[in-house]
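test case, fold it:
(2 chains)
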Amino acid sequence: MHALDWAIIVVYLAYVGIDGIRRTRRSTEIEGYLLANRSLPWWAVGLSVMATQLSAVTMIGTTAQGATDGLRFVQFYFGLPLAMVIIGVTLVPFLHGAKVYTAYEYLERRFDAKTRSLTAFLFLVSRGMSCGTILAAPAVVFASVFGWPIGLSVAIMGVPTVLYTVLGGVQAVTWADVKQMVLVVTAIVAVITVALLKLPVSPDTALRIAGSVGRLRALDFHFDITQQYTFWSGVIGGTFLMMSYFGTDQSQVQRFLTAKSVDEARSSLLISAYWKIPLQAAVLLVGVLVFVFYLFEKPPMLFNPAHDRRVREAEPAKYQALAAQYGAALAERDAAARGIAAHDAAATRDAFRSAETRVEGVRTEALALAERVTGEPSKDVNYIIPHFVLFDLPVGLTGIFIAAVMAAAMSAVAAELNSLATASVIDFYRRWVRPEAPDAEYLRASKIATAFWGVFACVIATYAVSLGSLIEVVNRFGSFFYGSILGVFLLAMIPRARALGAFVGLIAGMSAVGAVNFGRPDVAFLWHNVIGAVTVVAVGLLISSFTRRS
Amino acid sequence: MSGYYGASPRHARNTRDLTHSEMTSPKQSSAPATPSFRTTLIRVMAVQVATVLLLWLLQSHYTS
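Coordinates of the predicted model:
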């Protein structure tokens, strides 16, 4: 990588650290540290909400999904706009108006302490774990691409993040998010532009080639609960997931609690409602263009450079044989793609699809060989975009994109750390351990809690490598709890719901999701949110009706 | 609110206690009037429908 690219990354990392330290002086009280004295403008909060949700998994995993699977992942977000509007008129007025620090505090006011503590505990467990996997996604890739030890790779992003989050609190997190969001969007737009300019065919032809192998198939209207991404799972399951994530997850709730007023909090959520789907479509389009780019430029047989090196050394004869087959299949595919460019017809599209199948066949064999040699999962989709960025982007833009990946990881992790510390201190330390302590003690405890969760996330990140497809791990883990937690908040808005009903309903909801997950593992995880929420509300109301009679 | 014992009196200064009806009815807290919700919903959904339509056009035009 060029010195200019390294300079961009170093300057970026130094800047976020220094900027965080600069904001320390505005966070000398607990409300300033955790909620910025409820003084932030809506647009900063809105960008922070988006930055928190857009992690390095999006930059590496989602773009790779675009390259290998096309646009259909965009359906995952179809429920988001409606969820944002519903949250804006239901949960936002409750939570912002109640002047709470955490969403779970509200549950104690409405129900009881055990419901609050259980939901807060579930948040700490699920977010603590996912925080680690969010950091792991880019760390694993950087470790492999640059040859760094995984610990160093985690530390390069983890240490500055923990530093500015501990010192500056939510103010540092939010203002860093704003800058990081700008950097991320700039990088995405720049990569799309460069990819289009570097293609030897017109954008229209590029889309025809991508479309011939289904990369532009964005919508699937089949109602099938075993399919992960369909229009219906996105609209129905996605609405429940997004309502739970943006309306009850402290990492998101804390963002809009920092807004000046209820109206500003609502406006901040609408930024995501308007822009999330177009942004995700753009991210996936980056992947689609990279796919087309590698039809005309020779891609490596194995995108993970560490695996490529090890297979080359351990099985040189087999590697060479596969490489020869791969080269021939690529040449055939290149010719077939140019055939579509010259004359787009059913026959040329069929020829291209056959050539693409042959390339994938050789790659499958190479990946199986890599798995045998290394003893590790060899799926290398998360290395496609880093390879493109390192070897095919112009000098300067490589540094910007890597800084953007780091920014995406850091903004997501910082918000998580900040919210994990808030829930730890407000829902447990202040609630159960030291209810009457002075403000300074809570501030100190919040800083210690932030540092603790930062170290925890870094440790988890180093072990997350074996968890498989990182993007699905994060979402799947959340889906175990999200629907049930949403169910409790929905119950809170029903006047006849009672505390016992909420508590039993929460446990019933999680049990139902667990039973479905293990009994019918083929049910797509987005539906878990619907099952959890509906079970909590149904059981909660049933138990509440008995409670009232008794 | 008497049932809330999560905050100390010092911290309770910064919080506004809600009545039961406020906690279960958004209209009685600072919720928006229905027309503004409708307007917002229509605007947001219009943008999303346009996006989905665009994706559908992209899919139907280029996918064989």
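
use CA for all of it now, contacts and neighbours both
OK.

ok, now which ones touch residue 45?
Unless you meant another one, I'm taking chain A. A:174, A:255, A:256, A:258, A:259, A:265, A:268 (C-alpha atoms under 8 Å, 6 or more residues apart in numbering or on different chains).

please refer instead to chain B.
Per C-alpha under 8 Å, 6+ apart, neighbours of residue B:45: A:81, A:82.

that's a helix at it, yeah?
Yes - Residue B:45: assigned to a helix according to DSSP: H, G, I helix; E, B strand; the rest coil.

what sits up against stretch A:197-217?
A:66-72, A:196, A:288-289, A:291-293, A:296, A:337, A:340-341, A:344, A:349, A:352-353, B:58-59, B:62-64.

of the residues you listed, keep whichever come out buried.
Among the contacts of stretch A:197-217, those classed as buried by 16 or more other C-alpha atoms under 10 Å in any protein chain shown are A:66-72, A:196, A:288-289, A:291-293, A:296, A:337, A:340-341, A:344, A:349, A:352-353, B:58-59, B:62-63.

out of the helices and strands in chain A, which is least certain?
One helix or strand of chain A scores below all others by mean pLDDT, DSSP states H and E: helix A:470-492, with a mean of 74.

indicate whether the helix or strand just after it makes contact with chain B.
Counting by DSSP states H and E, the next helix or strand C-terminal to helix A:470-492 is helix A:499-519. No - for helix A:499-519, no contact with chain B is found by C-alpha under 8 Å from any C-alpha of the partner chain; the gap never falls below 11.6 Å.

which residues touch the nearest residue to residue A:285 once chain neighbours are set aside?
Leaving aside its chain neighbours, residue A:285 sits nearest to residue A:66 (6.3 Å; criterion: C-alpha to C-alpha, 6 or more residues apart in numbering or on different chains). Contacts for residue A:66 (C-alpha under 8 Å, 6+ apart) come out as A:73, A:215, A:283, A:284, A:285, A:286, A:287, A:288.

low pLDDT regions in chain B?
Applying pLDDT under 70 to chain B flags the ranges B:1-35, B:37, B:64.

the same query, at a cut-off of 80, please.
B:1-38, B:40-41, B:64 (pLDDT under 80).

dump stretch A:288-303 to PDB, keeping only the CA atoms.
Extracted C-alpha coordinates of stretch A:288-303, given in PDB (Å, rounded to 0.1, in the frame of the first residue of the first chain):
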ATOM      1  CA  VAL A 288     -22.300  -5.800  -8.000                       C
ATOM      2  CA  LEU A 289     -19.800  -3.400  -9.800                       C
ATOM      3  CA  VAL A 290     -16.900  -5.200  -8.200                       C
ATOM      4  CA  PHE A 291     -18.300  -8.500  -9.600                       C
ATOM      5  CA  VAL A 292     -18.500  -7.000 -13.100                       C
ATOM      6  CA  PHE A 293     -15.000  -5.400 -12.700                       C
ATOM      7  CA  TYR A 294     -13.500  -8.900 -12.000                       C
ATOM      8  CA  LEU A 295     -15.000 -10.300 -15.100                       C
ATOM      9  CA  PHE A 296     -12.500  -8.300 -17.100                       C
ATOM     10  CA  GLU A 297      -9.600  -8.100 -14.600                       C
ATOM     11  CA  LYS A 298      -8.100 -11.400 -13.300                       C
ATOM     12  CA  PRO A 299      -9.300 -12.000  -9.700                       C
ATOM     13  CA  PRO A 300      -7.300 -14.300  -7.400                       C
ATOM     14  CA  MET A 301      -8.500 -17.900  -7.000                       C
ATOM     15  CA  LEU A 302      -8.500 -17.500  -3.200                       C
ATOM     16  CA  PHE A 303      -9.200 -14.000  -2.000                       C
END
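
what's in contact with it?
A:63, A:66-68, A:70-71, A:192, A:195-196, A:198-200, A:206, A:209-210, A:215-216, A:308, A:323, A:326, A:330, A:333-334, A:337, A:363, A:366-367, A:380-381, A:383-385, A:387-388.

please pick the buried ones from these.
A:63, A:66-68, A:70-71, A:192, A:195-196, A:199, A:206, A:209-210, A:215-216, A:308, A:323, A:326, A:330, A:333-334, A:337, A:363, A:366-367, A:380-381, A:383-385, A:387-388.

where along the stretch 201-350 of chain A do the helices fall?
A:203-212, A:231-232, A:238-248, A:250-257, A:262-296, A:305-314, A:316-342, A:346-374 (DSSP state H, counting those that start in this stretch).

before I go, just wanted to say thanks for your time.
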